[in-house]
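Trainee: Structure of the sequence below:
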Amino acid sequence: MGKREDKEHIMDSKDFDFQRIAEGYKKRPFLHKQVIERFKEDVTSRMFTNGLDIGCGAGLSSKALKTICRHVTGTDISGEMITVAREVCANAEEYDFFVSSAEELPAFETRFDIVSAAGVVQWVDKDLFLKEMSSVMSDHSYLLIYDFWISDKMKECSAYTTWWHDVYLKEFPRPFRNESAWTKEEAAQYGFLMKDQIQHEMEYEFDQDSFIEFMMIQSNVNAKIEGDKNSVQAVRKWFEQSTAPLFQGGKKAVIFTGYSWYMERFS
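Mentor: Numbering: from 1, shown residues only. Predicted coordinates for the structure are as follows:
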């Protein structure tokens, strides 16, 4: 796996339960749809009936899942995120949203034929999560676990890589975390066949303002804002000054890296 900036622990609702973060999440790059398109190419192009989106955040992953589902249920541990997700996915007949942990879901009346979990597994108890997924999914349903994150590469701009390592990460250090992937044997213990584990790259164009807004909601940046009591305005000013040379000439394409794990539940 590549490097990510999030903390290594089981998710606490306080980590993302801030209105500023939730509002920022709905403006994140909508790369989730590309992940779903790749799933269609790699696994199946069927249309599913009931989809479940674990850790739905501001609803972008739910919108992406909806492209292959007739109805999507989204859950997130943060009430602030659920509020924004309901706004982003405005069609009440096609979506339901609940505040819930990934390891202990509400008592749903139906089982799900596909479940997605974007940027979730680093926060959950793996065994409790897989046990819960097994209990809410129908036989021969699919579990799509994926994540993507901004990298240290910008097209045609080597200065960005230098800025990333020598400036950004020195100001906002990345805490240690476990980067290991789940194994086929671990999945099989709970009735899942690990069909494939792929890595991918995607591009997204930012201007300086949109890049700063995205970086302001990175977990290591937010940790410094909250933990060290830095003002949001001061941190934004730091980004404005340090990134100004990178965006001379307008928009720049930044590389995102990530992974997808395709799992099928068997009886």
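Trainee: tell me the SS of Ser180?
Mentor: At Ser180 the chain is in coil, as set by DSSP: H, G, I helix; E, B strand; the rest coil.
Trainee: Test for you: state the pLDDT assigned to it.
Mentor: We have a pLDDT of 77 for Ser180.
Trainee: Distance check, it against Asn220.
Mentor: Ser180 sits 20 Å away from Asn220, taking C-beta to C-beta, to the nearest Å as the criterion. All C-beta spots, glycine's among them, are computed from the backbone N, C-alpha and C.
Trainee: between the two, which one's more packed in?
Mentor: Higher neighbour count among Ser180 and Asn220: Asn220, with 19 against 7, using other C-beta atoms under 10 Å.
Trainee: what does stretch 28-41 rub up against?
Mentor: Stretch 28-41 is contacted by residues 58, 60-61, 63-65, 67-68, 116, 118, 144, 146, 148, 198, 200, 202, 204, 214, 217, 256, 258, 260, 262 when judged by C-beta atoms under 8 Å, 6 or more residues apart in numbering.
Trainee: 6 Å instead?
Mentor: Leu60, Ser61, Ala64, Thr67, Leu144, Tyr146, Phe148, Met202, Tyr204, Ser260 (C-beta atoms under 6 Å, 6 or more residues apart in numbering).
Trainee: Go through those residues and name the one nearest Val84.
Mentor: Top of the list for closeness to Val84, among those and by C-beta to C-beta, is Leu60 at 9.9 Å.
Trainee: ok, that closest one - contacts?
Mentor: Leu60 neighbours (C-beta under 6 Å, 6+ apart): Phe30, His32.
Trainee: Quick check: pLDDT value at it.
Mentor: 97.
Trainee: report the longest strand in the protein, please.
Mentor: strand 137-154 (DSSP state E).
Trainee: Can you tell me the strand partners of that one and which way each runs?
Mentor: Strand pairing for strand 137-154, determined by DSSP bridges: strand 112-118 (parallel), strand 252-265 (antiparallel).
Trainee: could I have the last one exported to PDB, CA atoms only?
Mentor: Output for strand 252-265, consisting of C-alpha atoms alone and laid out as PDB, is shown next (Å, rounded to 0.1, in the frame of the first residue of the first chain):
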ATOM      1  CA  LYS A 252      -2.200  21.600 -12.100                       C
ATOM      2  CA  ALA A 253      -2.900  17.900 -12.200                       C
ATOM      3  CA  VAL A 254      -2.100  16.100  -9.000                       C
ATOM      4  CA  ILE A 255      -1.800  12.300  -8.900                       C
ATOM      5  CA  PHE A 256      -3.900  10.300  -6.500                       C
ATOM      6  CA  THR A 257      -3.000   6.700  -5.600                       C
ATOM      7  CA  GLY A 258      -5.100   4.000  -4.000                       C
ATOM      8  CA  TYR A 259      -6.400   0.500  -3.900                       C
ATOM      9  CA  SER A 260      -9.500  -1.600  -4.300                       C
ATOM     10  CA  TRP A 261     -10.200  -5.000  -2.700                       C
ATOM     11  CA  TYR A 262     -12.900  -7.100  -4.300                       C
ATOM     12  CA  MET A 263     -14.500  -9.700  -2.000                       C
ATOM     13  CA  GLU A 264     -17.500 -12.000  -2.600                       C
ATOM     14  CA  ARG A 265     -19.600 -13.500   0.200                       C
END
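Trainee: quick one: the residue minimising distance to the centre of the chain from Ala90, how far?
Mentor: Central residue of the chain (C-alpha atoms, centre = their mean): Gly119, 3.3 Å from the mean position. Distance, Gly119 to Ala90, by C-beta to C-beta: 23 Å.
Trainee: Would you map the helices across the protein?
Mentor: With DSSP state H as the criterion, the chain has helices at 19-25, 32-42, 60-66, 79-88, 126-136, 158-163, 169-171, 184-188, 208-215, 219-227, 232-243.
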